[in-house]
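Q: when you get a sec, could you give me coordinates for this:
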Amino acid sequence: MKILGILGAHRKDGLTAQMLANVLAGVPAPHTTEMIYLEDYDFHPDQVGKRDPVLDQLTDQLLSSDVWVLAAPTYWGGLSGRMKDFLDCMRGRLVRFDHQGGTHPDRFENKHYLSITSCYAGKLENFVAGITDGSFRTIDKIMSAAGVIKINELVLPGTLFMKQVPAAKQAECKRLGSKLVTKPKRDDNTMKRYIELFCMVAVMAFLTMGIQFLFHLIYASDFWLIYASFVLIFFVLLASILHFFTVVKHRRR
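A: Residues are numbered from 1 along each chain as shown. The predicted structure follows:
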């Protein structure tokens, strides 16, 4: 298996680069690693009838890899310009377009990725305000459109006066790197789990209100109306909370 690191940062030896290096160092043999520093490549968008040769080279490297590690710092609450420029230029290669302009996964479908970012904001500020969420959302949106499966994400906050990645974070990077060779399969059971959740809420609500009815806390004439409204409201609130903590809320510390 081949792990490809893609660094979109101003410095090749900066903190984001150090995190990427530690992730790649954690990949066990006989699996191989390679790193692309985007500043070394003068790529441009493809033109009609003329493909960019540098993008051809980068595309070949992406195709020959099983897992991508996308590493870029967060500037102004968003993904660094070089990484965003790379992903923009690769748009026509990451997906295919239908006649209405809709995007569909193409030749990169079912590959896997890990995303890495860093920011000046401290741990508490990033945890509360989600400074790095924009970077992760940009990567996730593009990778999802390309059919690339997410493994995990890493963030390093509080980098303003930091010179070196802390030992604990280095260990975390290496630990995640060692797990990249055991890629998870895509989970396509989301709808099934929401249906199961609804059934569980409905059963528990019925039992709860049944007990209330036995103790004359609610009346038979109002039972089914209260029951239906309770199940729907409770399910929507619970599903929203679960969706936030499992999908929307990114790693922030």
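Q: alpha carbons only for contacts and neighbour counts from here, please
A: OK.
Q: quick one, domains of this structure?
A: When the chain is parsed with automatic domain parsing, its domains come out as 2-179, 190-248.
Q: what about the first one, average pLDDT?
A: Pointing back at domain 2-179 there. Average pLDDT, domain 2-179: 96.
Q: re the thing from before, mind giving me CSV with the domains of the chain and columns for mean neighbour count?
A: As requested, the domains of the chain are exported to CSV (neighbours: other C-alpha atoms under 10 Å):
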stretch, mean neighbour count
domain 2-179, 18
domain 190-248, 13
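Q: quick one: residues contacting the closest residue in space to residue 250 that isn't next to it in sequence.
A: In this structure, residue 250 finds its nearest non-sequential neighbour in residue 133, 5.9 Å apart by C-alpha to C-alpha, 6 or more residues apart in numbering. Taking C-alpha atoms under 8 Å, 6 or more residues apart in numbering, we find residue 133 in contact with 77-78, 249-252.
Q: over to residue 80?
A: 8-9, 72-74, 135 are the contacts of residue 80 under C-alpha under 8 Å, 6+ apart.
Q: out of those, what pair is the most spread apart?
A: Greatest spatial distance among the contacts of residue 80 (C-alpha to C-alpha): 9 and 135, at 13.0 Å.
Q: circling back to that earlier point, list the ones among the contacts of residue 133 that fall in strands.
A: residue 78 (DSSP state E).
Q: which residues in this protein form strands?
A: Going by DSSP E, the chain shows strands at 2-7, 32-37, 67-71, 74-75, 78-79, 95-97, 103-105, 112-118, 149-156.
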